[in-house]
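S.K.: build the 3D model from these lines:
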Amino acid sequence: KADFTNSSISKEEGEYYYSYPDMQQPKPVRSNYNKLNLKKFDKFAKLIEKLMRSSGFNASSDQYMLEAHRYNFKKGVYTKDKQLEPPFEWHIDDYGGISINVITAVLYLYKDHTIIGGNLQICPSHPSESLESPPDDDIQCIEIGSGTIVIFSGDLQHSVQKAYGMGTRESIVIQMERIG
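M.R.: Below is the predicted model of the structure:
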């Protein structure tokens, strides 16, 4: 098992794309059967769009990217002295997973209670700037757990906090077009 895996489905300009770990580029969905099944994701995206709008974000589910993340913490591998480095450095989501400005929703499905760290770090004082590592005084940490949902603008600098322990941390990330 890998320490981090992710797969994604995206819809851009009416076309669906997919990617799995180790793929260089997302590939278009060709089969009509698969396209019909992917329309189920459109319903999920519409629900998330409603949640985003009710939280004050102006989003459109016409274009979106849905990604599943799983971190595996193997027994004895990651300790306080040797923590799992997240696969993503500090970054913004605009023009990342899909080629538009986005609103991001992260649905934390599961986080073993034995995992220390792995929370969401944000840096609101440096929006849209590409920072290798923001000053510690500017970093805010949002503690996450199973069932947590966090919604933010795609121009917000963020990263996953280093972590250690044993178990899994699973989430679904959905980015959709930011209007305005």
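S.K.: can we go C-alpha only for contacts and neighbour counts from here?
M.R.: Will do.
S.K.: tell me where this protein has strands.
M.R.: With strands called from DSSP state E, the chain shows them at 4-12, 15-19, 27-28, 59-78, 102-111, 116-117, 120-123, 140-142, 149-153, 157-160, 163-178.
S.K.: adding mean neighbour count and distance to Pro87, write those out as JSON lines.
M.R.: Below are the strands of the chain laid out as JSON lines (neighbours: other CA atoms under 10 Å; distance: least, CA to CA, whole Å):
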{"stretch": "strand 4-12", "mean neighbour count": "19", "distance to Pro87": "8"}
{"stretch": "strand 15-19", "mean neighbour count": "17", "distance to Pro87": "16"}
{"stretch": "strand 27-28", "mean neighbour count": "14", "distance to Pro87": "22"}
{"stretch": "strand 59-78", "mean neighbour count": "19", "distance to Pro87": "10"}
{"stretch": "strand 102-111", "mean neighbour count": "22", "distance to Pro87": "16"}
{"stretch": "strand 116-117", "mean neighbour count": "18", "distance to Pro87": "15"}
{"stretch": "strand 120-123", "mean neighbour count": "20", "distance to Pro87": "13"}
{"stretch": "strand 140-142", "mean neighbour count": "15", "distance to Pro87": "18"}
{"stretch": "strand 149-153", "mean neighbour count": "17", "distance to Pro87": "19"}
{"stretch": "strand 157-160", "mean neighbour count": "23", "distance to Pro87": "9"}
{"stretch": "strand 163-178", "mean neighbour count": "22", "distance to Pro87": "12"}
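S.K.: closest one to Leu84 among these?
M.R.: Checking the strands of the chain against Leu84 by CA to CA gives strand 163-178 as the closest, at 5.3 Å.
S.K.: ok and the closest one relative to strand 4-12, angle-wise?
M.R.: 0 degrees (axes from the mean of the first three to the mean of the last three CA atoms, to 10 degrees).
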